[in-house]
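> Quick one: sequence plus predicted model below, questions after.
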2 protein chains.
Amino acid sequence: MGRTPKDSITIADVARAAEVSRATVSRVMNGRLNVAPDIVARVRAAADRLNYRPSDLARSLSLGTTNMVALLVPDLGNPLFQQILRGITSASAAAGYRVLVAESDEDPDAEASIAIEARRRCDALIMVSPRLDEPSLLELLPQVQPVMLVNRQGPPEVSSVLVDYGRAVRMVVDHLVALGHRRLVFLAGPAASASNTLRLRALDVAEREITGLEIVRLDCGRSIEDGYGAVDRVLAARGTAVVAFNDLVAFGLLARLNEVGVAVPDELSVTGMDDIGLARFAVPSLTTVRVPQRDLGELAWRRLHAAITGADGEGDVPDLALHVRASTGPKPGRGSEVGQTLGGGRGEG
Amino acid sequence: MGRTPKDSITIADVARAAEVSRATVSRVMNGRLNVAPDIVARVRAAADRLNYRPSDLARSLSLGTTNMVALLVPDLGNPLFQQILRGITSASAAAGYRVLVAESDEDPDAEASIAIEARRRCDALIMVSPRLDEPSLLELLPQVQPVMLVNRQGPPEVSSVLVDYGRAVRMVVDHLVALGHRRLVFLAGPAASASNTLRLRALDVAEREITGLEIVRLDCGRSIEDGYGAVDRVLAARGTAVVAFNDLVAFGLLARLNEVGVAVPDELSVTGMDDIGLARFAVPSLTTVRVPQRDLGELAWRRLHAAITGADGEGDVPDLALHVRASTGPKPGRGSEVGQTLGGGRGEG
DNA sequence: ATGAAAGCGCTAACAC
DNA sequence: GTGTTAGCGCTTTCAT
């Protein structure tokens, strides 16, 4: 409307106080040249005296740009998304952008409308691991451009940052196979998670390629509690090593194994995924694959920023690295050392 | 300006398509009554057909309200702040608000300007554990109202949500004293942290009140690494129990103690603070005080929202609760059971 | 019940 | 160099 008794002082107040036009004040505030030094001083003085702060809202409306990015994640409680948020926040802050966070609460149906709504207030949107089904996603994406996908593949014209969890899980499997393990238990994550699918596919391939390798797949989840609660089924599966969906699951597993007195890695090896900060400090310290989650956020931002500004998006998805620690060891049973070579997999049975 | 070749379709387009005035479209979009049903239908149809989305920016400018809250935290990597963010995000989303996150990176000098800048884009600001010194804080607060402080006390006219870490640490101390411990080691957090000061003060009081109680204060920090790295100094301090600044520090400590072969709690008891999700799953599971961090965020939001809308801010800071788990036990040495009573503290030496 | 018009606070042509 | 003016897209009096 027009009647809001705004307390805030506007550019007009400064213009009046400095006895210049609003345009000139604007020029001064934005460091535009072509303003006489004495006028600049006068305006600055007036602005300071009045404690003037330009309205970002009005600037944005006029400029057609908000300097904000929206970030939509399924669950802010997930360390992965927290790290990505950190990466995006600090990287975008460097470019003068702010981050608006939105959470879908793992509800696929809510995602689309939240995405649209959040995007409306921002110049761009970053969707992390959207749980939306493929058709809905394809329908949504054009409406929220420019948009960036993290850990989910979109159509070719939509850029994305993807971690190759397939390769990651394969690194773990190869490591365990090299230690002599032939019967592994995989603790699967949420079915709706694209990265879980990647892992499963890689396991299929591994099973096919490595002779004698058996992998028992167990539905589990992605939280500590899920891992903790899976122990009975894990033990019943009679594998010699377990590949957890992520570090959190591995953590829960380790805690419970410790309670029931199963020695890790002497009786059972355990691996995680992600290398969250705590992995190194698990008891025993956790063998896992380092996924540079924070860098992921930064990269997503860089690419998006490049897309917005028309520059070229430098940088590639950071490398994965297997970190072998104390939670994995040779397959229990005969002998102690194993030292097999990777790959060709001379089966045990 | 006026020349931006906006691709987005505006209220004017809809008005034209529906052959009504923009005012009418506005009324329809906002569910205002006083519009003939057939007109409503026509407008809705046009809007749908054109895929019209009102610009939040323009609405905000006109309405004078953004429906956004700014959240400023020192460090997004800190689980406490992450939980608070979660609480605020979900609680405010329920009221149709979005959260803008900003991070000061623990830099006190950056805080003021970030706060002002973030606040300008939002209707209100929540500052968590500001590291700013007192005078600067007092100077800043009036400029960013409405503002809410979390875990830091401001002047009376600025509302805040405070956890009584003093009481929390005292609960831990009493628990340890009851177990027979008389020489404790306190691993202190960042000096700039107000909550650390609260803990230290409470320890002074405890030392005065409980006869025979000695507390060795060691500078440490707030991260796992800090706890991990403090082990040598802790052992040198020759206490029988250690009170860690928070769960993270306790985690690092436990990990290292396990590596060097110090039995917890048989040789040394360890306590944390906060009861982060992982505390229960530490090895051994961690005795700690549950600080409902997420609720803190929700409460901060509720109070702030009440202040904005003029309602009254219901709700109180949620209760603290000591969770006794496996990381604490009787003081090592003579006998096994201790079973002393709290308080009056019959000293040992 | 609807439209015309002013205004939210700012920026950027365009004149002078 | 500086002022004038016309928007950015929306809401809301005020008149009809």
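Yep, it's here.
> Residue numbers of the stretch 51-200 of chain A in contact with DNA strand C?
A:52-55, A:57-59, A:61-63 (C-beta under 7 Å from any atom of the strand). (C-beta placed from N, C-alpha, C; glycine too.)
> Run through the strands of the stretch 151-300 of chain A in chain order.
A:160-161, A:183-188, A:214-219, A:241-244, A:269-271, A:288-290 (DSSP state E, counting those that start in this stretch).
> related to what we said a few turns ago, just send the residues of the stretch 51-200 of chain A next to DNA strand C back as JSON lines, with distance to DNA strand D, pLDDT and secondary structure too.
JSON lines is the format used below for these (distance: C-beta to the nearest atom of the strand, whole Å; pLDDT from 0 to 100; DSSP: H, G, I helix; E, B strand; the rest coil):
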{"residue": "A:52", "distance to DNA strand D": "16", "pLDDT": "93", "secondary structure": "coil"}
{"residue": "A:53", "distance to DNA strand D": "18", "pLDDT": "92", "secondary structure": "coil"}
{"residue": "A:54", "distance to DNA strand D": "13", "pLDDT": "93", "secondary structure": "coil"}
{"residue": "A:55", "distance to DNA strand D": "11", "pLDDT": "94", "secondary structure": "coil"}
{"residue": "A:57", "distance to DNA strand D": "9", "pLDDT": "94", "secondary structure": "helix"}
{"residue": "A:58", "distance to DNA strand D": "7", "pLDDT": "95", "secondary structure": "helix"}
{"residue": "A:59", "distance to DNA strand D": "9", "pLDDT": "95", "secondary structure": "helix"}
{"residue": "A:61", "distance to DNA strand D": "4", "pLDDT": "93", "secondary structure": "helix"}
{"residue": "A:62", "distance to DNA strand D": "4", "pLDDT": "93", "secondary structure": "helix"}
{"residue": "A:63", "distance to DNA strand D": "8", "pLDDT": "93", "secondary structure": "helix"}
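> Against residue A:273, how distant is the closest residue to residue A:226 other than its chain neighbours?
Distances taken as C-beta to C-beta, 6 or more residues apart in numbering or on different chains place residue A:220 nearest to residue A:226, at 5.0 Å, with adjacent residues excluded. Noted for residue A:220: a distance of 12 Å to residue A:273, by C-beta to C-beta, to the nearest Å.
> Of these two, which one has the most company?
Of the pair residue A:220 and residue A:273, residue A:273 is the one with more neighbours under other C-beta atoms under 10 Å in any protein chain shown, namely 29 against 26.
> Next, count neighbours for the nearest residue to that one once chain neighbours are set aside.
In this structure, residue A:273 finds its nearest non-sequential neighbour in residue A:246, 4.6 Å apart by C-beta to C-beta, 6+ apart. Other residues within reach of residue A:246, judged by other C-beta under 10 Å, total 32.
> residues contacting residue A:246?
By C-beta atoms under 8 Å, 6 or more residues apart in numbering or on different chains, the contact set of residue A:246 is A:80, A:189, A:222, A:272-274.
> Among those, name the ones in helices.
Using DSSP state H, the subset of the contacts of residue A:246 located in helices is residue A:80.
> Just put the contacts of residue A:246 in CSV and tack on pLDDT.
Shown next, in CSV, are the contacts of residue A:246 (pLDDT from 0 to 100):
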residue, pLDDT
A:80, 89
A:189, 95
A:222, 92
A:272, 98
A:273, 97
A:274, 94
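> Residue A:296 and residue A:150, how far apart?
Applying C-beta to C-beta to residue A:296 and residue A:150 gives a distance of 6 Å.
> I meant to write residue A:306 there.
Counting by C-beta to C-beta - residue A:306 and residue A:150 are separated by 15 Å.
> These two: which is more packed in?
residue A:150 (25 against 15).
> could you list every residue that touches the more buried one?
Applying C-beta under 8 Å, 6+ apart, the residues near residue A:150 are A:84, A:126-129, A:160-162, A:296-297, A:300.
> So which of the residues you listed wins on neighbours?
Highest count within the contacts of residue A:150 by other C-beta under 10 Å belongs to residue A:127, 33 neighbours.
> thinking again about what came up before, selection in ChimeraX covering whichever of the contacts of residue A:246 are buried, please.
Applied in ChimeraX, the following selects the buried portion of the contacts of residue A:246 according to 16 or more other C-beta atoms under 10 Å in any protein chain shown:
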select /A:80,189,222,272,273,274
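> could you pull out the strands for the stretch 1-150 of chain A?
A:68-73, A:98-103, A:124-128, A:147-150.
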